[in-house]
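Novice: compute the structure for the input listed below.
(one chain, ligands or ions: 1)
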Amino acid sequence: MTDRPSVAEYPPVVLPSPERQLSLKGQKALVTGGSSGIGREIAIELGWAGADVVVNYLSGDEDAQEVVKLVGRRCGVRAYAHQADVSDESAVQSMFQRMKETFGGIDILVANAGVQRDAAFHEMSMADWNMVLNVNLTGQFLCCREAVRAFQRKGVVPEVSCAAGKIICMSSVHDIIPWAGRANYAASKGGILMMMKTIAQEVAPWRIRVNAISPGAVRTPINRSAWETPEAYDALMKLVPYNRIGEPSDIGRAAVWLASDYADYITGTTLYVDGGMTLYPGFDAGG
Ligand code: BGC
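Specialist: Residues are numbered from 1 along each chain as shown. Got it, this is the predicted structure:
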């Protein structure tokens with residue numbers, strides 16, 4: 001393992017002035033799966049907080065370009081779209097290389113790209129299993145590894161942030177709630193939970209913060225059938241004590257805060273942004 005930096009190598013923590021705390025000005029962020037759903041909103045919110053943003057996507061060039069345009073509405077912020085399959089090692093490495101050449105480096109990674117391929121367990125194909133594990137878990141491994149390498153090379157730049165780098169892994173309430181018919185998806189999210197904590201433990205001495213956000217039911221294309229009709233929405237609300245579906249901006253705001261120096265000293269945690277979905281809602285009257 002690379003030698004841990006000695007404590008003396010670090011500048012003292014200088015917390016930013018109150019009006020700057022939630023600013024990400026001068027920081028460079030990569031959002032994978034940034035052309036739709038939760039990733040789209042995170043990319044936009046990071047840009048509005050002042051970060052330069054790379055919008056990674058696999059398909060849907062027009063959607064990605066639209067996000068780039070929305071990010072760029074905040075003046076002075078740069079953005080571009082980059083097509084890459086996060087489960088392809090060399091594609092991920094080229095994506096980070098281009099970011100280095102274009103923006104000069106990276107401060108924030110939001111490893112968000114994810115897919116679902118649902119099937120009853122006894123019918124789940126190897127292709128469905130591999131697809132979900134490759135994108136959701138291996139994809140985050142590859143992106144986190146490149147980001148950690150870049151953060152370790154760069155170190156802390158106090159004018160930019162208290163930390164050398166910040167990683168946010170997009171997980172799900174299904175990192176702890178089992179989900180029938182989605183063994184591949186739940187396994188990938190459970191894997192993210194422990195991968196995130198292990199990376200966080202390992203790289204904390206470099207002042208690299210690694211955390212996860214676990215959204216509950218959020219209004220995005222991935223779960224359209226769960227909110228599209230009034231009947232489906234009502235059924236969904238039985239699982240959400242807060243009695244409303246999550247909006248992508250609920251996750252976007254959490255990501256901006258977690259990436260900011262407001263959250264310095266937070267590492268290895270999972271932030272559940274789920275309207276109480278993990279509170280065992282079925283027990284509100286029973287048990
Ligand atoms: C899934 C959604 C689902 C939500 C709550 C998310 O991780 O992608 O499809 O609605 O969890 O069950």
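
Novice: residues in contact with whichever residue of the stretch 1-150 of the chain sits closest to the ligand?
Specialist: In the stretch 1-150 of the chain, the residue that lies nearest the ligand is Gln116 (5.7 Å; C-beta to the nearest ligand atom). Yep, even glycine has a C-beta here, placed from its N, CA and C like the rest. Shown in contact with Gln116 (C-beta atoms under 8 Å, 6 or more residues apart in numbering): Val132, Arg182, Tyr185, Ile222.

Novice: test my guess that the third one contacts Pro178.
Specialist: To tie it back to what came earlier, the one meant is Tyr185. No: under the criterion of C-beta atoms under 8 Å, Tyr185 is not in contact with Pro178, lying 10.8 Å apart.

Novice: for whichever residue of the stretch 51-200 of the chain sits closest to the ligand, which non-adjacent residue is closest in space?
Specialist: Closest to the ligand within the stretch 51-200 of the chain is Ser172: 3.1 Å, counting by C-beta to the nearest ligand atom. Nearest non-adjacent residue to Ser172, counting by C-beta to C-beta, 6 or more residues apart in numbering: Lys189, 4.4 Å away.

Novice: what about the ligand: which of the contacts of Gln116 touch it?
Specialist: Contacts with the ligand are made by Ile222 out of the contacts of Gln116, judged by C-beta under 6 Å from any ligand atom.

Novice: and Asp264, how many neighbours?
Specialist: 17 (other C-beta atoms under 10 Å).

Novice: state the pLDDT value of it.
Specialist: On pLDDT, Asp264 comes in at 94.

Novice: one more: the one 5 residues further on?
Specialist: Per-residue confidence at Thr269 stands at 98 (pLDDT).

Novice: swap in Ala8?
Specialist: Model confidence at Ala8 (pLDDT) stands at 70.

Novice: can you classify it by secondary structure?
Specialist: What DSSP: H, G, I helix; E, B strand; the rest coil gives for Ala8 is helix.

Novice: just Leu258 next, same as before
Specialist: Per three-state DSSP, Leu258 ends up helix.

Novice: wait, a helix at the residue nearest to Ser172?
Specialist: Yes: under three-state DSSP, Lys189 falls within a helix.
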